[in-house]
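Undergrad: let me see the structure of the following:
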Amino acid sequence: MSTKLVLRSGAAVAAALLAAPAFAGPTYTNDNGGSFRWYGQFNPSFQSFDDGVEEYNRASDNSSSNSRIGFWVEQAFGENTLKFRFETAFGFRASDGTSQTSKGDVTSWSRTNLRHVDLQFETAKYGTFSAGQGSMASDGITGADFSGTGLGAGVSVADIGGGYAFRTSTGALSGVSIGDAFTDLDGSRLGRLRYDSNNYGGFTFSASYGTDILATNNDRETYDVAVRYSNDDLGAFALEAGLAAAWTEQTGRQDRRDVSGSVSVLHKDTGLSMTVAAGDRDISGDYSYAKLGYSADLIAAGSTSFSVDYYDGSDLVTAGDSSESWGIAAVQKIDRFNLETYIAYRDYSYSDTSATSYQDANVILAGARWKF
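TA: Presented below is the predicted three-dimensional model:
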């Protein structure tokens, strides 16, 4: 390991140890089966990005699971429950929002930071009906993962450095960013109507229709369907899987269809896990992703998790291009404080059919997520 990498890692670990808890949100209940509960998390991180020519060291909010606050209000009506959820990101500088030419604002809240303004009616017989800003049926469909290292490494490999651009072999900044070349084709959060079925033998079915109500002058319309399966009682194994298709229409842009999904298997006796994910967009490209994970109680504070993963994409920016990334990550839980510290290293490479060649880039991200 080079001296530069050692120094970058040392600074990252120091940043990961600076977070500390201060308070936690209680749940309030009434005599009629109603409740109010607030929650949130802070996820500060240190980011060190090397584009092959220069190195950029910045404090940021981890986009893999950004800092946020929210609350749930629930009221029972017999065997049914009416719920309301509000959640917003704090708007801190995001790890995928910095670049070679911009540090980004330390704080910049706008209405696009609203994650959920969502009314749900959960019925015992007919499933759950939702309306408002929130997750589409396909949101999270590529995120099945038992590794325990999602804070540092996941299928959305651009989260920890997506704003930076690749440099060409001459050292010039190209027009291709990490975020352009690496995508998970996962669902999004929109103003939507959504239905989720009850659980049938581990299977749930979802469908939704939505539009981007937080953007100005927007006429985007998306509708999607998804099926999920979860079973943690398959002998020595646990399994999670999901598959979704989403169709998007928008004036002035080509209609598109995304198909994506993921499967994760955990061997409970050893703590070993295997995750695969894939996605395809009919008007552009596709990708595949694989991850090996290991979790164990190595120290009394909480579980320790490690992972190594690999991403391979094609045709995601231009026809005939190739995007590759590999990464390693470690996460340490500190149960007493609802704290998870983490460090991750990721390497990115890109090539296309033009005469331009691109330098590899890498990023180290370390931090700590505290949930309250």
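Undergrad: state the distance from the residue most central in space within the chain to residue 219.
TA: Nearest to the mean C-alpha position of the chain, by C-alpha atoms, centre = their mean, lies residue 64 at 4.3 Å. Between residue 64 and residue 219 the computed distance is 30 Å (C-beta to C-beta, to the nearest Å). Every C-beta, even on glycine, is put in place using the N, C-alpha and C of the backbone.
Undergrad: before we move on, back to that, my guess is the residue nearest to the centre of the chain contacts residue 158. True?
TA: No. In this structure residue 64 lies outside contact range of residue 158 using C-beta atoms under 8 Å: 10.0 Å.
Undergrad: burial measure for residue 200, as a count.
TA: By other C-beta atoms under 10 Å, 8 other residues sit near residue 200.
Undergrad: how close does it sit to residue 169?
TA: Distance from residue 200 to residue 169, by C-beta to C-beta: 55 Å.
Undergrad: check residue 235 too.
TA: Going from residue 235 to residue 169 by C-beta to C-beta gives 52 Å.
Undergrad: these two: who's more crowded?
TA: Using other C-beta under 10 Å, the more surrounded residue of residue 235 and residue 169 is residue 169, with 11 against 8.
Undergrad: now the more buried one: closest residue in space that isn't a chain neighbour?
TA: In this structure, residue 169 finds its nearest non-sequential neighbour in residue 357, 4.4 Å apart by C-beta to C-beta, 6 or more residues apart in numbering.
Undergrad: phi first, then psi, for that neighbour.
TA: phi -110, psi 150 (degrees, to the nearest 10).
Undergrad: where do the strands of the stretch 251-372 of the chain begin and end?
TA: Ranges of strands within the stretch 251-372 of the chain are 253-267, 272-281, 286-299, 302-314, 322-334, 339-351, 361-371, based on DSSP state E, counting those that start in this stretch.
Undergrad: how far off strand 286-299 does the fifth one point, in degrees?
TA: What it means is strand 322-334. With axes from the mean of the first three to the mean of the last three C-alpha atoms, to 10 degrees defining the directions, strand 322-334 sits at 20 degrees from strand 286-299.
Undergrad: show me what contacts the residue nearest to residue 169?
TA: Residue 357 makes contacts with 168, 169, 351, as judged by C-beta atoms under 8 Å, 6 or more residues apart in numbering.
Undergrad: now, which of those residues sits nearest residue 327?
TA: Closest to residue 327 out of those is residue 351 (18.9 Å), distances taken as C-beta to C-beta.
Undergrad: local confidence estimate at that closest one?
TA: With respect to pLDDT, residue 351 scores 98.
Undergrad: oh, and call the first residue 18 from now on, that's how I've got it
TA: Let's use 18 as the start, then, which means that last one is residue 368.
Undergrad: now it: how far from residue 198?
TA: The value you get for residue 368 to residue 198, if C-beta to C-beta is used, is 10 Å.
Undergrad: touching both of those two, which residues are there?
TA: Shared contacts of residue 368 and residue 198, counting by C-beta under 8 Å, 6+ apart, come down to residue 338.
Undergrad: between the two, which one's more packed in?
TA: Using other C-beta under 10 Å, the more surrounded residue of residue 368 and residue 198 is residue 198, with 29 against 15.
Undergrad: doesn't residue 250 make contact with residue 285?
TA: No. Using C-beta under 8 Å as the test, residue 285 is too far from residue 250 to be in contact (9.7 Å).
Undergrad: of the two, who's got more company?
TA: Shown here are residue 285 and residue 250; by other C-beta under 10 Å, residue 285 has more neighbours (15 against 9).
Undergrad: check contacts around that one.
TA: 253, 254, 255 are the contacts of residue 285 under C-beta under 8 Å, 6+ apart.
Undergrad: burial measure for the first one, as a count.
TA: Residue 253 is surrounded by 9 other residues when neighbours are defined as other C-beta under 10 Å.
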